[in-house]
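[1] Fold the stuff below for me.
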Amino acid sequence: PRGSLLAARVESPAECYPTLRGTPALPALLGGLLDALRAAQQRRAVRLAAAAVDADFDRDQADDDAAADDELAYNIAEVLGSLARTHGLEALDALVAHAAWLDKLADMANPNCLETDRKFAAYVIVDLFEFATTLPPPADP
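    From the prediction side, this is the model:
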């Protein structure tokens, strides 16, 4: 199982810090996560449009695809929350520097957006306020 391999390779979260702190890895990760979220939202928009106009629309397949995209969004929110917990202000600074993330969160929090988008934005924003307003723990030497 992949989880046990990861656990064997990383003894503590502090071991991960050198790979993200002060490197382009954190902004690159944020960019990749944003791209994945945008792609999932685009697929959802296409599914909703197809459902409205296509009499032969496969609702079962669409439901499966929607569930996969919902799981992807959940995992993206979890990654952002984990970054806030492990990197504190550094994660918030990286997110602010990646202005497209702030725009995306603001758009998703809009009352006119779908409930799932508003929940995603709320979870991420709460994690940022709760965890990314402190300094991260020091990395193990």
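[2] Quick check: buried residues in stretch 84-92?
    Under the neighbour-count criterion of 16 or more other C-beta atoms under 10 Å, stretch 84-92 has 84, 85, 86, 87, 88, 90, 91, 92 buried. Every residue, glycine included, has its C-beta placed from N, CA and C.
[3] end-to-end on that stretch?
    7 Å (C-alpha to C-alpha, to the nearest Å).
[4] out of the buried residues of stretch 84-92, which one sits closest to residue 20?
    Nearest to residue 20 out of the buried residues of stretch 84-92 is residue 87 (C-beta to C-beta; 6.7 Å).
[5] quick one, helices of this structure?
    Using DSSP state H, the helices of the chain run over residues 2-9, 17-20, 25-53, 59-87, 89-97, 99-109, 115-131.
[6] Let me have the ones you listed in a markdown table, adding mean pLDDT as columns.
    Below are these laid out as a markdown table (pLDDT from 0 to 100):
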| stretch | mean pLDDT |
| --- | --- |
| helix 2-9 | 44 |
| helix 17-20 | 54 |
| helix 25-53 | 92 |
| helix 59-87 | 91 |
| helix 89-97 | 88 |
| helix 99-109 | 94 |
| helix 115-131 | 94 |
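[7] returning to that earlier point: going by distance to residue 134, which of the buried residues of stretch 84-92 wins?
    For the buried residues of stretch 84-92, the nearest to residue 134 is residue 88 (4.8 Å; C-beta to C-beta).
[8] quick revisit: would you list the buried residues of stretch 84-92 in JSON lines and tack on distance to residue 45?
    JSON lines is the format used below for those (distance: C-beta to C-beta, whole Å):
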{"residue": "84", "distance to residue 45": "28"}
{"residue": "85", "distance to residue 45": "32"}
{"residue": "86", "distance to residue 45": "33"}
{"residue": "87", "distance to residue 45": "32"}
{"residue": "88", "distance to residue 45": "35"}
{"residue": "90", "distance to residue 45": "33"}
{"residue": "91", "distance to residue 45": "29"}
{"residue": "92", "distance to residue 45": "29"}
